[in-house]
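Engineer: fold the following and give me the result.
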Amino acid sequence: MNYEAVIGLEVHVQLKTSSKIFCSCVNKFGSSPNTQTCPVCLGMPGVLPVLNRRVVEYALRMGMATNCKIPKYSQLARKHYFYPDLPKGYQISQYELPLVEHGWVDIDVEGKTRRIGITRIHIEDDAGKLVHDESRPVSYVDLNRTGTPLIEIVSEPDIRSPEEAAAYVRKIRQLVRYLGISDGNMEEGSLRCDANISLRPEGQKEFGTKSELKNMNSFRNVQKALEYEIRRQTALLLDGQEIVQETRLWDAGKGVTHSMRGKEEAHDYRYFPDPDLVPIEISDQWMEEIRADLPELPDEKRRRFMEQYGLPEYDASVLTVSRETGDYFEEAVRLFDNPKSVSNWIMVELMKLLKQTDVSIEQCNVTPAYLAEILALVDKGTISAQMGKEVLQDCFGTGKSPASIVEEKGLSQVSDESELEAVVAKVMEANPKEVELYRGGKKKVLSFLMGQVMRETRGKANPKKVNEIFRKMLEG
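Structural biologist: Now for the predicted structure:
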């Protein structure tokens, strides 16, 4: 029997606000343990939370970017459970009346577009963090993260493969970064993903029993964990066994999931409206202000790049992966009006250097103005394309201007016709056999002769002019 995977994802996104969701503590990653806390964070008796307006604004931005409906009225609720990193004994979240609901995003997998529904987006506060001692059975509690603002994005069970799941998480990360509401760093935990997966016989409408997967801190791990779970559940079903509803942890080192606990139902959390926080009401005026401030989103930008600059879909997709890359491209094109050439150099030469050094495009030494300057030097014939790549590497490493690098290293091309004719004549005299082969119809030998000229001039000869001179002297 063939089985179909039914996958829904819950993506938790830490918001990039200056302060936490219910207090004025600094919202910053990487500080010393327990240095960013206050009585509200620590759940002290008698304290009162105050909702951070910016958190609501960021959640509404994400709702608008994902085509969601935004009710006029929503409510914060207490979600009760006990864990050492949750000092209040409950998490402030949303349940019956979320801030945002019923939207969708489109993802592209293997050349096909799939629409994935979004059930809801709600706001909540994050819990603290347990740090486990590897040398003895002791764990430490760091409450710096307690109260960090989160949005939880819950998808419909519309995802049908691990590849689609990874593409969906990439799309969510791309959107939160475009909107400027989160850095989306999975390694630091500012974007975390849980997956619900079940199998059902192909053609069946009813869902099977699901497992929830946790501890997936990269796109690759999301995909690998789901691939393993599909194999595990398939083997159990084919063996006549039942799937147990449970929460399972992904072990990336071993490439397996293992049982963590039985899955709780919503009623186990004893949700009820938080009596310390008033309901959230969204005015039409506020909605319009937020909508007017939204940036151009990646799908819109990709389509515009194709129409405005005549780029292939692949180029446009690569250049709009991040907002910063798209902005870099447009600034370079403004200074050097050849979109395809700029696109090629960014995608091939610049991105290679960025990947090798793990530097982001907005932090690298090659500014859009420097890239445009290199392309102009190549276009004018001042330097060859190969020299341009060398200049790009030097500029990337040192931050010096392309013009100064060309001058310091004496990289300007030799384009003087009489000087090049003398070099070509010398090469022809030194290689009579190849000259005869060319004149006998073996035209491919010209690349060898060109190479000899480049060696004589240490790569400085203008290839176009050398080619013209060769043909004139060989065929004249």
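
Engineer: secondary structure class of R120, three-state.
Structural biologist: strand (DSSP: H, G, I helix; E, B strand; the rest coil).

Engineer: go ahead and confirm it touches S155.
Structural biologist: No - using C-beta atoms under 8 Å, R120 makes no contact with S155, being 9.5 Å away. (Each C-beta comes from the backbone N, C-alpha and C, glycine too.)

Engineer: more neighbours: those two, which one.
Structural biologist: S155 (25 against 21; other C-beta atoms under 10 Å).

Engineer: tell me the buried residues in the longest helix along the chain?
Structural biologist: Ranked by number of residues, the top helix in the chain under DSSP state H is helix 219-238. For helix 219-238, the neighbour count (16 or more other C-beta atoms under 10 Å) marks 219, 221-230, 232-233, 237 as buried.

Engineer: contacting residues for E373?
Structural biologist: 335, 401-403 (C-beta atoms under 8 Å, 6 or more residues apart in numbering).

Engineer: repeat that for 7 Å
Structural biologist: 401-403 (C-beta atoms under 7 Å, 6 or more residues apart in numbering).

Engineer: please tell me which one of those residues counts the most neighbours.
Structural biologist: Result: P402 is most packed of the contacts of E373 (other C-beta under 10 Å), 26 neighbours.

Engineer: measure that residue to Q363 for me?
Structural biologist: 19 Å (C-beta to C-beta, to the nearest Å).

Engineer: low-confidence ranges, the protein, go.
Structural biologist: Scanning the chain for pLDDT under 70 picks out 263-267, 411, 413-416, 476.

Engineer: so N221 touches W250, yeah?
Structural biologist: Yes - contact criterion C-beta atoms under 7 Å: N221 and W250 qualify, at 6.2 Å.

Engineer: quick one, domains of this protein?
Structural biologist: 3-286, 296-409, 417-475 (automatic domain parsing).

Engineer: with only the CA atoms kept, save the host helix or strand of G451 in PDB.
Structural biologist: Per DSSP states H and E: G451 is located in helix 446-456. The C-alpha trace of helix 446-456 is given here as PDB (Å, rounded to 0.1, in the frame of the first residue of the first chain):
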ATOM      1  CA  LEU A 446      43.900  30.100 -33.000                       C
ATOM      2  CA  SER A 447      43.100  29.600 -29.300                       C
ATOM      3  CA  PHE A 448      46.600  28.300 -28.800                       C
ATOM      4  CA  LEU A 449      48.200  31.200 -30.600                       C
ATOM      5  CA  MET A 450      46.000  33.600 -28.500                       C
ATOM      6  CA  GLY A 451      47.200  31.900 -25.400                       C
ATOM      7  CA  GLN A 452      50.800  32.500 -26.400                       C
ATOM      8  CA  VAL A 453      50.100  36.200 -26.800                       C
ATOM      9  CA  MET A 454      48.500  36.400 -23.400                       C
ATOM     10  CA  ARG A 455      51.600  34.700 -21.900                       C
ATOM     11  CA  GLU A 456      53.900  37.200 -23.600                       C
END
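
Engineer: number of residues surrounding the nearest residue to G399 once chain neighbours are set aside?
Structural biologist: The spatially closest residue to G399, leaving aside those adjacent along the chain, is N365, at 3.9 Å (C-beta to C-beta, 6 or more residues apart in numbering). Using other C-beta under 10 Å, N365 has 14 other residues around it.

Engineer: you'd agree N365 is in a helix?
Structural biologist: No - N365 is assigned coil when assessed by three-state DSSP, not a helix.

Engineer: ok, it to I405 distance?
Structural biologist: Per C-beta to C-beta, N365 is found 11 Å from I405.

Engineer: list residues touching both of those two?
Structural biologist: Common neighbours of N365 and I405 (C-beta under 7 Å, 6+ apart) are C395.

Engineer: go ahead and confirm G103 touches N67.
Structural biologist: Yes - here G103 reaches N67: they are 4.4 Å apart, a contact under C-beta under 7 Å.

Engineer: which one's more surrounded, these two?
Structural biologist: G103 (23 against 14).

Engineer: quick one: that one from D293, how far?
Structural biologist: Using C-beta to C-beta, G103 is found at 19 Å from D293.

Engineer: name the nearest residue to L213, sequence neighbours excluded.
Structural biologist: A195 (4.5 Å).
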